[in-house]
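Student: sequence unknown, structure follows:
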């Protein structure tokens, strides 16, 4: 069943009416309603193209958080062969919000690490809604070190509102764990391609996205803080999230202009949730192309270019 966002109410009405007409026809009665249903389909398609062709930053946030978007586990299942999960941080526990392991992409060994939100109530609770604890980032750092040791390229899939801010996480060194994972990304002697598939929130996202190439889906977001959090700090009012979203420059289009991301993967009209198969295929093609472009660089060249990339970040402006 299609889940509609708050700004899609009129679209939901049109598609609902078309579905009702077809349901009536299936029940019989000899009334030919297909022509009317097709007319409604055309109006709905035009409305959807208009809506998604003019999304403001806040609406992009809503689309990026859509529960039906493909999650990390969907990309791993569809794009990678022989995925072998590697669990635990060898210190405290396993964190289900971060999944990772060795796999094959186009018959080549890769390390894939993803942030997983879950797709129903049970799995969302189990995976803490994609908000990793220190053990999740320490597991990621361990897998990055393993990839570095054997020269295996790394693919990271970013989708988190941010690192878990709970008391226990802070007591176990959340900030240090995030810094350690970020450091391992920067020290990696193998290619690292990071893809923001939904939300890229705060240091919890940067910890896995300090790569050679950062790719974003067209309607994903990447920001130092959520719009609600920013609004609470600046205006003491979370309802100012629309103004905050615009000020944060968190869309893929703005970040591409600013040099924060390297590539934008176009989504189907209506967002990734409308055609998951096409979206996953497009992401797979982008990953393969970026890895191919990095494959001939030595570890020293990769580290130097990565260092230069992040030191130069901020030179570009939207002015």
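Tutor: Good, I have the coordinates. None of the values given here were measured: they were computed from a predicted structure.
Student: Could you point out the longest strand of this protein?
Tutor: Identified as the longest strand of the chain according to DSSP state E is strand 192-201.
Student: which is the next helix or strand following that one?
Tutor: Sequence order places helix 202-209 as the next helix or strand after strand 192-201, per DSSP states H and E.
Student: Find out how far that next one is from the centre of the chain, if you would.
Tutor: How far helix 202-209 lies from its chain's middle: 11 Å, per CA atoms, centre = their mean, to the nearest Å.
Student: for it, packing partners?
Tutor: For helix 202-209, the elements it packs on are strand 108-115, helix 134-150, strand 154-160, helix 174-187, strand 192-201, strand 221-223, judged by 3 or more CB pairs under 8 Å, 6 or more residues apart in numbering; DSSP states H and E. Heads up, the C-betas are built off the backbone N, CA and C, glycines and all.
Student: Could you check how sure the model is about that helix, as an average pLDDT?
Tutor: For helix 202-209, the mean per-residue pLDDT is 94.
Student: With stretch 143-162 instead?
Tutor: Per-residue scores along stretch 143-162 average to 96.
Student: buried stuff in the helix or strand hosting residue 76?
Tutor: Applying DSSP H and E as the criterion places residue 76 in helix 72-79. In terms of neighbour count (16 or more other CB atoms under 10 Å), helix 72-79 has its buried residues at 72, 73, 74, 75, 76, 79.
Student: got TSV for those residues, with pLDDT and distance to residue 280 too?
Tutor: Shown next, in TSV, are these (pLDDT from 0 to 100; distance: CB to CB, whole Å):
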residue	pLDDT	distance to residue 280
72	97	11
73	97	11
74	97	7
75	98	6
76	97	10
79	97	7
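Student: related to what we said a few turns ago, contacts for the helix holding residue 76?
Tutor: Residues outside helix 72-79 that contact it (CB atoms under 8 Å, 6 or more residues apart in numbering): 83, 99, 103, 105, 112, 114-116, 157, 159, 195, 197, 276-277, 280, 283-284, 287.
Student: burial count for the residue lying closest to residue 70 once chain neighbours are set aside?
Tutor: Nearest residue to residue 70, sequence neighbours excluded (CB to CB, 6 or more residues apart in numbering): residue 276, at 4.7 Å. Look at residue 276: counted by other CB atoms under 10 Å, it has 17 neighbours.
Student: which residues touch residue 276?
Tutor: Listed by CB under 8 Å, 6+ apart, the contact partners of residue 276 are 68, 69, 70, 74.
Student: Ramachandran coordinates for the second one?
Tutor: Main-chain dihedrals, residue 69, degrees, to the nearest 10: phi -60, psi 150.
Student: Could you do the third one as well?
Tutor: Note on residue 70: its backbone torsions stand at phi -60, psi 140 [degrees, to the nearest 10].
Student: Residue 3: how many residues sit nearby?
Tutor: Residue 3: 10 surrounding residues under other CB under 10 Å.
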